[in-house]
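**Student:** Return atomic coordinates for the entry below.
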Amino acid sequence: MKIIEKEFNIITGEETISERDETTSEKQERETYEAQVLERETAKTKDAVAKAALLAKLGITADEAKLLLS
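**Tutor:** A predicted model of the protein is given here:
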């Protein structure tokens, strides 16, 4: 993956843009972060599916369930 870095020198007003390949440690950090995000999204989806299945089994809507819990 390419990393684009932008530097701005406030004294001269000069802007420098450079492009480089990510380092091995940056790649590991990115892949670890992406795996964590995927895991969280999967867990949220799993919970939403289980909730929808339970509501369907009970034959009530989400709004009706909220009324029962309040």
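**Student:** and the residue of the chain most remote from its centre, helix, strand or coil?
**Tutor:** What lies farthest from the middle of the chain is residue 12; by Cα atoms, centre = their mean that is 37.7 Å. Assigned with DSSP: H, G, I helix; E, B strand; the rest coil, residue 12 falls in the coil class.
**Student:** which helices and strands sit right next to the longest helix seen in the chain?
**Tutor:** For the chain, the helix with the greatest residue count under DSSP state H is helix 24-58. Judged by 3 or more Cβ pairs under 8 Å, 6 or more residues apart in numbering; DSSP states H and E, helix 24-58 is in contact with helix 62-69. From N, CA and C alone the C-beta is placed, and that goes for glycine too.
**Student:** Not counting residues beside it along the chain, what's closest to residue 6?
**Tutor:** For residue 6, ignoring the flanking residues on the chain, the nearest one in space by Cβ to Cβ, 6 or more residues apart in numbering is residue 17 at 5.1 Å.
**Student:** between the strand or helix carrying the one you found and helix 24-58, how big is the angle?
**Tutor:** Assigned by DSSP states H and E, residue 17 falls within strand 14-21. Per axes from the mean of the first three to the mean of the last three Cα atoms, to 10 degrees, the angle that strand 14-21 makes with helix 24-58 is 80 degrees.
**Student:** quick one: contacts of strand 14-21?
**Tutor:** 1, 2, 3, 4, 5, 6, 7, 8, 9 (Cβ atoms under 8 Å, 6 or more residues apart in numbering).
**Student:** For the first one, give its distance to residue 20.
**Tutor:** So the one you mean is residue 1. 10 Å (Cβ to Cβ, to the nearest Å).
**Student:** what about these two, which has more around it?
**Tutor:** Ranked by neighbour count (other Cβ atoms under 10 Å), residue 1 and residue 20 place residue 20 first, with 10 against 7.
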